[in-house]
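Participant: heads up, no residue letters with this:
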């Protein structure tokens, strides 16, 4: 699921809730710091574009996701694959990203290895991060 502080801010504002974007960014950091979830950024060769990209959110506990989103099996499976990649040593937003082109076509996971990009899940399943 894509997460946008700006969209959350506008939604809360429309409901009469007063909160700053700075507070929402701090909340996003707390969610990651307490290991409740990960915000995975879109791959770009430009570090600036990576930082400006809208992240996808992954929960660290699939039971929570199953409880909240009972009908979306595809999203649950994507979350499971993400957690397995992290468990195997891939670091979100360092060597693990998602990618989307201008037409909206998406690759759920890409791995940056030096100046190369890998995105074959059958390969990634057996590959552990080196280093």
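Facilitator: That came through, no problem. These numbers come from a predicted model, not from an experiment. Residues are numbered from 1 along each chain as shown.
Participant: any weak-confidence spans in the protein?
Facilitator: The chain contains residues with pLDDT under 70 at 1, 120-131.
Participant: all strands of the protein, in order?
Facilitator: Along the chain, counting by DSSP state E, strands occupy 37-40, 56-59, 96-100, 106-113, 116-118.
Participant: among these, which is nearest residue 16?
Facilitator: Of all the strands of the chain, strand 56-59 sits nearest to residue 16, with 24.9 Å by C-beta to C-beta. Every C-beta, even on glycine, is put in place using the N, C-alpha and C of the backbone.
Participant: if we can go back for a sec, nearest to residue 22 among the strands of the chain would be which one?
Facilitator: Smallest distance to residue 22 across the strands of the chain (C-beta to C-beta): 16.5 Å, for strand 37-40.
Participant: Bridge partners for residue 57, pull those for me.
Facilitator: Assessed by DSSP bridges, residue 57 has beta-bridge partners residue 39.
Participant: any idea where the helices of this protein begin and end?
Facilitator: For the chain, helices defined by DSSP state H occupy the ranges 5-14, 21-33, 47-52, 62-68, 73-87, 121-126.
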